[in-house]
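Novice: Return a 3D structure for these sequence lines:
(chains A and B)
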Amino acid sequence: NAGVTQTPKFQVLKTGQSMTLQCAQDMNHEYMSWYRQDPGMGLRLIHYSVGAGITDQGEVPNGYNVSRSTTEDFPLRLLSAAPSQTSVYFCASSYRVGGRETQYFGPGTRLLVL
Amino acid sequence: DQQVKQNSPSLSVQEGRISILNCDYTNSMFDYFLWYKKYPAEGPTFLISISSIKDKNEDGRFTVFLNKSAKHLSLHIVPSQPGDSAVYFCAAKDSGTYKYIFGTGTRLKVLA
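Specialist: Sure, this is the predicted structure:
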């Protein structure tokens, strides 16, 4: 049971390049989400999904696309990278039982856009 | 507009004493609250949560208190240990949604 895995751990992009950040979970959780963490800003929700085929926008969705074709995978696509997207990206999955929610985070992807 | 605020960016506490981390929120629709701990170069780890139907939840050394009228919650760690040194985030959500809103974090340093 690997939990939530993210690849790559670190990536450098040039402005205008595109890339996909991978996220996978093996806990059969329905809910998955992507956050970015910037200094002094906490974690901000980019996109989330409540199940395969269902996605929705979070607080800061511009410049990012997501899809959820399977329960396990939730990739985040940067269409045309900008320096403002330099950040640490965290993927999370969660489940809800009896009114209690628990959210598990991956180790993060550190992205630098030049 | 910051809906979840952690006004203390850092806190230092002596080992064995109590650590109190505070969090304020503005959205009255929030009814579920969580605390996470984060070490450098790792993802946040869930610590403890509380629903708005309660005013206290305890799990070992960690207790979360919720004051709904003041829109304030706090995390108490007793006794504090050097391994508790980390950044602590509070998060809040409306249980009808899946959107978690995080505070900016408080860096706790427990001195041996």
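
Novice: Chain A against chain B: which residues are in contact?
Specialist: Contacts of chain A with chain B, taken as C-beta under 8 Å from any C-beta of the partner chain, map to A:4, A:31, A:33, A:35, A:40-45, A:48, A:50, A:56, A:58-59, A:90, A:92, A:99-108. In this view, the C-beta of every residue, glycine as well, is placed from N, C-alpha and C.

Novice: Just want the residue of chain B that's nearest chain A.
Specialist: Residue of chain B nearest chain A, by C-beta to the nearest C-beta: B:Gly43 (3.3 Å).

Novice: Look up the residues forming beta bridges with the closest residue to A:Val66 other than its chain neighbours.
Specialist: Leaving aside its chain neighbours, A:Val66 sits nearest to A:His47 (4.3 Å; criterion: C-beta to C-beta, 6 or more residues apart in numbering or on different chains). In this entry, A:His47 is beta-bridged to A:Trp34, A:Gln57, by DSSP bridges.

Novice: okay, which residue of chain A is out on the far edge from center?
Specialist: A:Gly98 (25.9 Å; C-alpha atoms, centre = their mean).

Novice: How much space separates the residue most central in space within chain A from chain B?
Specialist: Centroid-nearest residue in chain A, with C-alpha atoms, centre = their mean: A:Trp34, separated by 2.7 Å. Distance, A:Trp34 to chain B, by C-beta to the nearest C-beta, to the nearest Å: 12 Å.

Novice: circling back: among the residues of chain A next to chain B, which ones are buried?
Specialist: Buried residues within the residues of chain A next to chain B, counting neighbours by 16 or more other C-beta atoms under 10 Å in any protein chain shown: A:4, A:31, A:33, A:35, A:42-45, A:48, A:58-59, A:90, A:92, A:101, A:103-108.

Novice: Tell me how many other residues surround residue 32.
Specialist: Here I'm looking at chain A. A:Met32: 29 surrounding residues under other C-beta atoms under 10 Å in any protein chain shown.

Novice: could you do chain B instead?
Specialist: 21.
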